[in-house]
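Undergrad: Here's my sequence, what's the structure:
(chains A and B)
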There are 2 protein chains.
Amino acid sequence: MARWEPDARGRLEKAAMDLFIEQGYERTTVGDIAARADLTERTFFRYFADKREVLFSGSKDLEKMILDHIAAAPRDLPALDVLAAAYAAAGTGIEDRRAIEYVRARYALVTRHADLQERELIKLAGLTAATVGGLTARGVAAPTAALAAELGMAVFKLGFERWATSRTPRDFAGHVRAALADLRALAAAPPPSRRPRRA
Amino acid sequence: MARWEPDARGRLEKAAMDLFIEQGYERTTVGDIAARADLTERTFFRYFADKREVLFSGSKDLEKMILDHIAAAPRDLPALDVLAAAYAAAGTGIEDRRAIEYVRARYALVTRHADLQERELIKLAGLTAATVGGLTARGVAAPTAALAAELGMAVFKLGFERWATSRTPRDFAGHVRAALADLRALAAAPPPSRRPRRA
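TA: Have a look, this model is predicted:
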């Protein structure tokens, strides 16, 4: 019978990140991670499908938080505001669970490794698809939901990127709101036919 | 010495798509494709890294066309219009080279297979990054370029999706322009604090 493993998942995550930083992502094996966490490889694979997945363990929680917030948003809120509010609220959840140093180190890792970026893209595509479902469940028409989910994802990615790289101490929600404001400003640039000509 | 192979690439692409449709994507091997095209596996791998890549052979050409159009756009055109015009123009290039039936069959294949979707996501992320470069080369500030490229990609994806699935005979450029108009309408929905209250 397996011995009781208090927060094995959390220990594996911490061991993995420590090793990725100390000796590099490529050179770290699942065996190294398990050994550092004082657990077996078998235990590792009970929690994670592979080495990459350690860095994405929060993605299902994040998706669930976002969908809950979408479902609970006021009925007359425009779709993009629904999404920005849901991301901002979910981000508070990330901030409660993760030190900003972890988020930054993880972001830097993902940015530097093609196979991690690939995994990230798949996760974000899954989140986008789930978001479309969340919006249509609110009665948003399918084509609008698809566009809103793509734009929402742009806001999320940009807010997250600025949060993970910025030196200013603004919180995630603030970055998301700023990204939405930037999107609105960019979209409001009038198309050329409606622009006043210079004299 | 290899015998002369007129348009080996094009023959391999056609053979691959025919086989994917006839016997399914999973069951088709590189050997099958080469045999159907009356070429060797060795020739296949001179053109494509793997079976998936046959479906993405146009992506570098597409990127080049888009970047050329971004560079040539009028200087005072807003960033999103620059991108929409570049996609619309590049789409005309696709329409010249590919029958709509090919585009639709390819779209359906990619949508149904996770490993093809993964490859597609990587290609689109590469295109987004190239677009950021194209915009900053025009003097667009980096944060604006990053956001514009993400929004542009949403317009491209949506326009492409509608073009590949719609029964109406509108061309790609028309779908891209419609997607940009939809984006502007969605972004223009006033945030709640500025909305007039109902009596």
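
Undergrad: what residue ranges in chain A score low on pLDDT?
TA: By pLDDT under 70, the low-scoring segments of chain A are A:1-6, A:168-169, A:190-199.

Undergrad: got the residues of it near chain B?
TA: A:74, A:76-81, A:117-118, A:121-122, A:125, A:143-144, A:146-148, A:150-151, A:153-154, A:157-158, A:161-162, A:179, A:182-184, A:186-192 (Cβ under 8 Å from any Cβ of the partner chain). Yep, even glycine has a C-beta here, placed from its N, CA and C like the rest.

Undergrad: Restricted to helices, list these.
TA: If you go by DSSP state H, the residues of chain A next to chain B have A:79-81, A:117-118, A:121-122, A:125, A:143-144, A:146-148, A:150-151, A:153-154, A:157-158, A:161-162, A:179, A:182-184, A:186-188 in helices.

Undergrad: Buried only: go through those for me.
TA: Neighbour-count burial (16 or more other Cβ atoms under 10 Å in any protein chain shown) applied to those gives A:79-81, A:117-118, A:121-122, A:125, A:144, A:146-148, A:150-151, A:153-154, A:157-158, A:161-162, A:179, A:182-184, A:186-187.

Undergrad: Helices of chain A, start to end?
TA: Going by DSSP H, chain A shows helices at A:8-23, A:30-36, A:41-47, A:59-72, A:79-97, A:100-112, A:114-137, A:142-165, A:172-188.

Undergrad: CA atoms of the second one as CSV?
TA: If I follow you right, that is helix A:30-36. Extracted in CSV, the C-alpha atoms of helix A:30-36 (Å, rounded to 0.1, in the frame of the first residue of the first chain):
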residue,chain,number,x,y,z
VAL,A,30,11.3,12.9,-14.2
GLY,A,31,13.6,10.7,-12.1
ASP,A,32,15.5,13.8,-10.8
ILE,A,33,12.2,15.5,-10.0
ALA,A,34,10.8,12.5,-8.1
ALA,A,35,14.1,12.1,-6.2
ARG,A,36,14.2,15.8,-5.2
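
Undergrad: helices or strands next to that helix in the packing?
TA: On a contact count with 3 or more Cβ pairs under 8 Å, 6 or more residues apart in numbering or on different chains; DSSP states H and E, helix A:30-36 meets helix A:8-23, helix A:41-47.

Undergrad: That one: which residues count as buried?
TA: So helix A:30-36, judged by 16+ other Cβ under 10 Å, has buried residues A:30, A:32-34, A:36.

Undergrad: with those in mind, which one is nearest to chain B?
TA: Chain B lies nearest to A:V30 out of these, by Cβ to the nearest Cβ, at 21.9 Å.

Undergrad: burial measure for A:I94, as a count.
TA: By other Cβ atoms under 10 Å in any protein chain shown, 18 other residues sit near A:I94.

Undergrad: tell me the contacts of it?
TA: By Cβ atoms under 8 Å, 6 or more residues apart in numbering or on different chains, the contact set of A:I94 is A:58, A:62, A:103, A:172.

Undergrad: Let me have those residues in a markdown table, adding distance to A:L135 as columns.
TA: Output for these, formatted as a markdown table (distance: Cβ to Cβ, whole Å):
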| residue | distance to A:L135 |
| --- | --- |
| A:G58 | 22 |
| A:L62 | 17 |
| A:V103 | 27 |
| A:F172 | 21 |
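
Undergrad: between these, which has the most around it?
TA: Within the contacts of A:I94, most neighbours by other Cβ under 10 Å means A:F172, with 24 neighbours.

Undergrad: Against B:E22, how distant is the closest residue to it other than its chain neighbours?
TA: Nearest residue to A:F172, sequence neighbours excluded (Cβ to Cβ, 6 or more residues apart in numbering or on different chains): A:G91, at 3.3 Å. In this view, A:G91 and B:E22 are 48 Å apart by Cβ to Cβ, to the nearest Å.

Undergrad: And for A:A148?
TA: Counting by Cβ to Cβ - A:A148 and B:E22 are separated by 38 Å.

Undergrad: my read: A:F48 touches A:E41, true?
TA: No. Counting by Cβ atoms under 8 Å, A:E41 is not a contact partner of A:F48; they are 10.7 Å apart.

Undergrad: Pick out whichever of those two has more residues nearby.
TA: A:F48 (20 against 14).

Undergrad: Residue ranges of each domain in chain A, please.
TA: Using automatic domain parsing, the domain ranges for chain A come out as A:8-54, A:58-187.

Undergrad: chain center to the first one: distance?
TA: If you compare the mean C-alpha spot of domain A:8-54 with that of the full chain, they lie 21 Å apart, counting by Cα atoms, centre = their mean, to the nearest Å.

Undergrad: and that domain, how far apart are its ends?
TA: By Cα to Cα, to the nearest Å, the extent of domain A:8-54 from end to end equals 12 Å.

Undergrad: Over to the longest one?
TA: From the first residue to the last, domain A:58-187 extends over 32 Å; the measure is Cα to Cα.

Undergrad: In CSV, list the C-alpha atoms belonging to stretch A:96-103.
TA: Extracted in CSV, the C-alpha atoms of stretch A:96-103 (Å, rounded to 0.1, in the frame of the first residue of the first chain):
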residue,chain,number,x,y,z
ASP,A,96,-3.5,33.6,-4.0
ARG,A,97,-1.8,30.3,-4.9
ARG,A,98,1.4,31.3,-6.6
ALA,A,99,4.2,33.7,-5.7
ILE,A,100,4.8,36.1,-8.5
GLU,A,101,8.4,34.8,-8.6
TYR,A,102,7.0,31.3,-9.6
VAL,A,103,4.8,32.9,-12.3
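
Undergrad: Could you give me the buried positions within that stretch?
TA: Under the neighbour-count criterion of 16+ other Cβ under 10 Å, stretch A:96-103 has A:V103 buried.

Undergrad: With stretch A:59-67 instead?
TA: By neighbour count, with 16+ other Cβ under 10 Å as the criterion, the buried positions of stretch A:59-67 are A:59, A:62-63, A:65-67.
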